[in-house]
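Next one to model:
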Amino acid sequence: MLFMTIYVGEHLNFGLTFAAICLGVFGAGSILAAMLGGHLADWIGRKPVMLLALFGGAMGLTLMPEIQTRGALLTAMFTFSLIMEM
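Sure, this is the predicted structure:
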C-alpha cells in the first residue's frame, strides 16, 4: 500500500490528500472484510474463501493501473481491500 500512495499521489497527480483518503478507504474495506470473511468461512468453508481472496485480490490488483478517475479509484480500492483481506 505504500507504493499505491506514491502511485496515486505522484503518478496520477491526485495529491497526497487524496492518497491518504485512498488509504482510509482501504482500511474501511479491510475492517468489513474481516467480518464478511468470517461469515463466509462459516457458511461455505475456509478454503473457498481463501481462494476467492487470493485470486480476487490478484485480479483486482492487475486491473488497478487501468483506472484513471478519482471515484473509480476509490471504488476499486474499497473493493480490492474487501476481497483481498478476507
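
Looking at this protein, which helix is longest?
helix 16-44 (DSSP state H).

I'd like the next helix or strand past it.
helix 46-63 (DSSP states H and E).

Using CSV, list the CA coordinates for that following helix.
Provided in CSV are the C-alpha atoms of helix 46-63 (Å, rounded to 0.1, in the frame of the first residue of the first chain):
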residue,chain,number,x,y,z
ARG,A,46,-12.4,-21.6,4.8
LYS,A,47,-10.7,-22.9,1.6
PRO,A,48,-13.2,-21.3,-0.9
VAL,A,49,-13.0,-18.0,0.9
MET,A,50,-9.2,-18.1,0.9
LEU,A,51,-9.1,-18.9,-2.8
LEU,A,52,-11.5,-16.1,-3.5
ALA,A,53,-9.4,-13.7,-1.6
LEU,A,54,-6.1,-14.7,-3.2
PHE,A,55,-7.4,-14.9,-6.8
GLY,A,56,-9.8,-12.0,-6.5
GLY,A,57,-7.1,-9.8,-5.0
ALA,A,58,-4.7,-10.7,-7.8
MET,A,59,-7.3,-9.9,-10.4
GLY,A,60,-8.2,-6.6,-8.7
LEU,A,61,-4.5,-5.5,-8.5
THR,A,62,-3.9,-6.3,-12.2
LEU,A,63,-6.9,-4.1,-13.1
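
next SSE after that helix?
Following helix 46-63 in sequence order, the next helix or strand is helix 70-84 (DSSP H and E).

Please identify the buried residues of that next one?
73-74, 76-78, 80-84 (16 or more other Cβ atoms under 10 Å). No exception for glycine: its C-beta is placed from N, CA and C like everyone else's.
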